[in-house]
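> Pasting the sequence and the predicted coordinates here, then a few questions.
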Amino acid sequence: MTTREPLAVELQRGLLVNVVDQVGEGVAVFDMEDTVVYANAALADIQGTSVDHIIGQPLSAFIPEPPPGAEEERAAAEQSGDGLLRARMVARRVDGSPVDVAITVSPLHDDDGEQIGRIVIVRDITLRRVLEDQLERAALHDPLTDLPNRRLLSDRLEHALDRAARSGRSLAVLFIDLDGFKAVNDAYGHDAGDEILRQTADRLRECVRQEDTLARMGGDELVVLLEEVANANEPLQTAHRLLRAMEPPFTIGDSRMTITASIGVALGAAGSQRALLHAADEAMYAAKRSGPGRIVVTSMEAVAADARPDASPKGPKS
């Protein structure tokens, strides 16, 4: 009966390589010239090729363009105590397709403590990145219409106000409210109301530029943010396009119905987003008081001048 050698000895004789070959994360060893001298099967799977093809390849064959600052970070890491470098980046498979990866780079030393290479551990996080993107989108978009929600609109409006303050150019907010939407919900049910909102979002998307923001504030209220507005006529033209898009009847099941909208337009170049939204909201209510399918244009300054005790209160929405 033969005596089995201690596990530590077996590891030194090659079992360790077999262990690494079976782990789920990609592992590669690079020499000091950043050439692959060892790769496991998991790394080959991530890269879409064979281990034999990877051996002898330079680091740039897998990561053509390291993320900004990677070389500086690696140099700093190698001068620090543990020498670890962690990063997330987009790598390239052999066929050129991208793959999201998380990598950990650590120095490899010989028995005398001299660095002789680097160990790179690669984890495919493509699915994780997809899930993260989905969660981020869900947090910033309305689930019914897939439009930006109030949170994303607030962020974009804040940045737009900063840019307008620097450039001196105006921006515009169009506050849109569907006329008679409550009556539609009462008569046809909330499922019909939801379908009208979805169809409305699809129609209005076609009326704004790619750089504009069409968002759903909630209920039947939508907002369009226009940046780099040259004059008051530009947002007015956009408002007219929005109203024209609402003219064709909506088909809900076997029913056809006409829905109009009231739009308040507010212009501004400085101030707070709350003030600009308030100005647009006030203009929208003024449009509703004058009849369905109307547009009222105002400015933050005009609303502030009208904010007096005897000012007419908002009327109820219809």
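Everything's here; your move.
> Please enumerate the strands of the chain.
26-31, 36-39, 85-92, 98-109, 115-124, 170-178, 213-218, 221-229, 250-252, 255-257, 261-268, 295-299 (DSSP state E).
> buried set for the second one?
I take that to be strand 36-39. Taking 16 or more other Cβ atoms under 10 Å as the neighbour-count basis, strand 36-39 is seen to contain the buried residues 36, 38-39. Yep, even glycine has a C-beta here, placed from its N, CA and C like the rest.
> what's in contact with that strand?
Contacts to strand 36-39, defined as Cβ atoms under 8 Å, 6 or more residues apart in numbering, come from residues 17, 26-31, 51, 54-59, 117.
> low-confidence ranges in the protein?
In the prediction, the chain carries residues with pLDDT under 70 at positions 1-17, 19, 62-83, 270, 300-318.
> can you rerun that using 50?
Along the chain, the model assigns pLDDT under 50 to residues 1-12, 77-78, 81, 302-313.
> tell me the domain ranges of it?
Here the domain parsing of the chain from automatic domain parsing is 7-130, 142-306.
> winner for burial among those domains?
The highest average neighbour count among those, using mean count of other Cβ atoms under 10 Å, belongs to domain 142-306 at a mean of 17.
> centre of the chain versus that domain, how much separation?
22 Å (Cα atoms, centre = their mean, to the nearest Å).
> Would you mind confirming that V29 is in contact with I121?
No. Counting by Cβ atoms under 8 Å, no contact exists between V29 and I121, whose distance comes to 10.5 Å.
> How far does stretch 89-100 stretch from one end to the other?
6 Å (Cα to Cα, to the nearest Å).
> wait, doesn't A245 sit right on C207?
Yes. Here A245 lies in contact with C207, judged by Cβ under 8 Å, at a distance of 5.3 Å.
> returning to what we had before: of the contacts of strand 36-39, closest to R274?
Lowest distance from R274 to the contacts of strand 36-39 (Cβ to Cβ) belongs to G26, with 50.0 Å.
> In contact with the nearest residue to the closest one once chain neighbours are set aside, which residues?
When the adjacent residues along the chain are set aside, G26 lies closest to L43, with 3.1 Å between them (Cβ to Cβ, 6 or more residues apart in numbering). With Cβ under 8 Å, 6+ apart as the criterion, the residues that contact L43 are 26-28, 51, 54, 122.
> redo that, cut-off 7 Å
For L43, the contact set (Cβ atoms under 7 Å, 6 or more residues apart in numbering) comprises 26-28, 54, 122.
> residues touching the residue nearest to V51 when sequence neighbours are not counted, list them.
Nearest residue to V51 in three dimensions, chain neighbours excluded: A44, at 4.8 Å (Cβ to Cβ, 6+ apart). Shown here is A44, whose contacts under the criterion Cβ under 7 Å, 6+ apart are 50-51, 54.
> Reformat these as a markdown table; add distance to A201.
Putting these into a markdown table (distance: Cβ to Cβ, whole Å) gives the following:
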| residue | distance to A201 |
| --- | --- |
| S50 | 49 |
| V51 | 50 |
| I54 | 48 |
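> How much space separates D45 from D124?
For D45, the distance to D124 (Cβ to Cβ, to the nearest Å) stands at 8 Å.
> before we move on, what about D254?
Remark: distance between D254 and D124 (Cβ to Cβ) = 50 Å.
> and stretch 224-236, C-alpha only, in CSV?
Provided in CSV are the C-alpha atoms of stretch 224-236 (Å, rounded to 0.1, in the frame of the first residue of the first chain):
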residue,chain,number,x,y,z
VAL,A,224,-41.4,68.6,-21.3
LEU,A,225,-38.1,70.2,-20.6
LEU,A,226,-36.5,72.2,-23.4
GLU,A,227,-32.9,73.5,-23.2
GLU,A,228,-31.1,76.1,-25.2
VAL,A,229,-34.3,78.0,-26.1
ALA,A,230,-33.6,80.9,-28.4
ASN,A,231,-36.9,82.7,-28.0
ALA,A,232,-40.5,82.3,-26.7
ASN,A,233,-41.7,81.1,-30.1
GLU,A,234,-39.7,77.9,-29.9
PRO,A,235,-41.5,76.3,-26.9
LEU,A,236,-44.8,77.6,-28.3
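> For D194, give me its contacts.
For D194, the contact set (Cβ under 7 Å, 6+ apart) comprises L144.
> just L108 next, same as before
Contacts for L108 (Cβ under 7 Å, 6+ apart) come out as 29, 115-119.
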